[in-house]
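Visitor: what follows is a predicted structure for the sequence shown.
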Amino acid sequence: MPAFWDASALVPLCVPGQAELRGRHLLAEYQPVVWWGTPVEMAGALARLRREGHLTPAQAEAARRRMAMLRRTWREVQPVPEVRELAEDRIERHRLRAADALQLAAALVWCNRRPSRRHFICLDRKLRMAARAEGFTAVEW
């Protein structure tokens, strides 16, 4: 079954030792659908972890390889004008950062603005709350 995955839930799946059992189970259960910009967000998060010393060079390389493998399994919502329009509205409505508003807007485009019974997998509390307010079943692991 497909579900929309935010970068915050995908990054730990790539970092050695970070993917808790629950995350791996969700990945087995829900095929990732992501926003077109998610790979950039993930690359930024991995680079930050490396710069801050949370990942060794070998771990960072392993995380990039896992990301590449994961990327082959997901579907991407493209940057169509509807995503931008919905994101602009969601920034104010939910007090989101721009990247989070784009994630939420992409999820709404993916489900044709009918989020009922659609899953939104996210570790960011504010974005998860916004997804719930829009009608998604927001999942944290």
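Guide: Yep, it's here.
Visitor: how about low-confidence regions in this structure?
Guide: Applying pLDDT under 70 to the chain flags no residue at all.
Visitor: in stretch 15-27, which residues are buried?
Guide: Val15, Ala19, Gly23, Leu26, Leu27 (16 or more other CB atoms under 10 Å). (Glycine included, C-beta is placed from N, CA and C.)
Visitor: what about the residue lying closest to the fourth one once chain neighbours are set aside, how many residues close to it?
Guide: This points to Leu26. Leaving aside its chain neighbours, Leu26 sits nearest to Trp141 (5.6 Å; criterion: CB to CB, 6 or more residues apart in numbering). Applying other CB atoms under 10 Å, we find 17 other residues in the vicinity of Trp141.
Visitor: distance of Trp141 from Arg48?
Guide: Remark: distance between Trp141 and Arg48 (CB to CB, to the nearest Å) = 21 Å.
Visitor: which residues touch Leu102?
Guide: Trp35, Gly37, Val83, Arg84, Ala87 (CB atoms under 8 Å, 6 or more residues apart in numbering).
Visitor: so which of those sit within strands?
Guide: Trp35 (DSSP state E).
Visitor: may I have the residues that are in contact with the nearest residue to Val34 once chain neighbours are set aside?
Guide: Of all residues not flanking Val34 in the chain, Trp74 sits nearest, at 5.1 Å (CB to CB, 6+ apart). Residues counted as contacts of Trp74 (CB under 8 Å, 6+ apart) are Trp5, Gln31, Pro32, Val33, Val34.
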